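> Take this sequence and fold it.
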Amino acid sequence: MININLNNPLEIRTVGMQALYEALGPVGAVRFMQQFDLGYGDYTKEKQNEPDLDLEEIDALLKR
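Residues are numbered from 1 along each chain as shown. Below you'll find the predicted structure:
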């Protein structure tokens, strides 16, 4: 077993990332970490500020 200084956050993070990488591989490790992304912003507030566009207006914006 590896001797880890549990009072050193950098060491814990480094050893933990290595363990994830070894157990899950690079893609699996990233997918695991993505599960803990809390996001940002205020979805409800942002949604209320979006303009109401119909499909034709969206299509015209995309073609610009």
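
> Now do the strands in this structure.
Taking DSSP state E as the criterion, the chain carries no strands.

> what are the ranges of the helices in it?
9-34, 43-48, 55-63 (DSSP state H).

> ok now the worst-scoring helix or strand of the chain on mean pLDDT, how far from the chain's centre?
In the chain, no helix or strand scores lower on mean pLDDT, DSSP states H and E than helix 43-48, which sits at a mean of 80. Mean-position distance between helix 43-48 and its chain equals 20 Å (C-alpha atoms, centre = their mean, to the nearest Å).

> again, but for stretch 27-34
So, by C-alpha atoms, centre = their mean, the centroid of stretch 27-34 is 9 Å from its chain's centroid.

> so for it, what's the average pLDDT?
Confidence for stretch 27-34, expressed as mean pLDDT, is 93.

> list the buried ones in it?
Residues Ala29 are the ones in stretch 27-34 that count as buried (16 or more other C-beta atoms under 10 Å). Quick note: C-beta positions are derived from backbone N, CA and C, even for glycine.

> For that stretch, C-alpha coordinates in PDB please.
Extracted in PDB, the C-alpha atoms of stretch 27-34 (Å, rounded to 0.1, in the frame of the first residue of the first chain):
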ATOM      1  CA  VAL A  27     -12.100   7.800 -21.100                       C
ATOM      2  CA  GLY A  28     -13.700   6.100 -18.200                       C
ATOM      3  CA  ALA A  29     -11.900   8.400 -15.700                       C
ATOM      4  CA  VAL A  30     -13.200  11.500 -17.500                       C
ATOM      5  CA  ARG A  31     -16.700  10.100 -17.700                       C
ATOM      6  CA  PHE A  32     -16.600   9.400 -14.000                       C
ATOM      7  CA  MET A  33     -15.400  12.900 -13.200                       C
ATOM      8  CA  GLN A  34     -18.100  14.500 -15.400                       C
END
